[in-house]
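Asker: make a model of this:
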Amino acid sequence: MCSQNLIVFNYPKIFEILSEIESNLNFKIIKLNKDKLNDFDEKDYQNCILLTKEKISNIENQFILNEFPIKISKLIEKINIKFLSLNFKDKSNYKIGDYTIDLNSKNILKGNETLKLTEKEVSTIIYLVESKKPISIKELQINVWDHKSVLETHTVETHIHRLRKKIKEKFNDREFIISSIEGYSIN
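Answerer: Below you'll find the predicted structure:
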């Protein structure tokens with residue numbers, strides 16, 4: 001299933017051309033006529049870009065095509081770049097209570113304070129948040145650190161300890177990562 005949608009607004013020839021090669025593209029082509037514009041809501045489409053001749057107010061993700069002539073390969077390249085940019089922006093912020101993790105820069109922010117995290121620290125935090133329940137050391141070893149052996153290791157405890165210390169020192173938050181008998185969780 002295609003998770004990217006290119007909405008072609010009031011460009012019948014462009015729609016026709018792209019529709020002919022749609023099976024070779026990594027996005028779905030949808031036609032939008034002038035009479036349907038008032039009913040259009042980009043929230044109804046996952047990961048969408050509106051291809052249009054000129055800027056339309058109240059629509060966030062637009063690709064304005066007004067430079068002609070253009071090779072179809074160049075047009076597709078520009079559309080793909082726009083989708084990449086949209087995906088990068090959408091995936092950049094992960095909200096956790098008062099904190100925001102910028103997944104691209106690997107920074108955690110709270111108010112005006114910023115703390116740089118490692119890839120494993122980000123992975124650990126995201127895993128703990130998404131689990132909705134305390135996670136055991138063994139589960140973190142397998143799913144975050146990719147340790148398959150049953151050998152005793154203190155890697156998880158060491159990393160969690162360092163992460164908790166960093167967050168405590170930067171944000172004065174002793175309760176961000178909670179430790180219990182069942183395992184670790186995010187407060």
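Asker: and for residue 34, the neighbour number?
Answerer: Using other CB atoms under 10 Å, residue 34 has 8 neighbouring residues. In this view, the C-beta of every residue, glycine as well, is placed from N, C-alpha and C.
Asker: with adjacent residues omitted, what lies nearest to it?
Answerer: residue 10 (5.5 Å; CB to CB, 6 or more residues apart in numbering).
Asker: pull the contacting residues for the one you found.
Answerer: With contact set as CB atoms under 8 Å, 6 or more residues apart in numbering, residue 10 has these partners: 32, 33, 34, 52, 53.
Asker: which one (most neighbours) among these?
Answerer: Among these, the one with the most neighbours (other CB under 10 Å) is residue 52, at 20 neighbours.
Asker: identify the residue spatially nearest to it, adjacent ones excluded.
Answerer: Residue nearest to residue 52 in three dimensions, not counting chain neighbours: residue 9, with 4.5 Å by CB to CB, 6+ apart.
Asker: so how far is residue 78 from residue 67?
Answerer: Applying CB to CB, to the nearest Å, the value for residue 67 to residue 78 is 9 Å.
Asker: er, residue 168 actually
Answerer: 47 Å.
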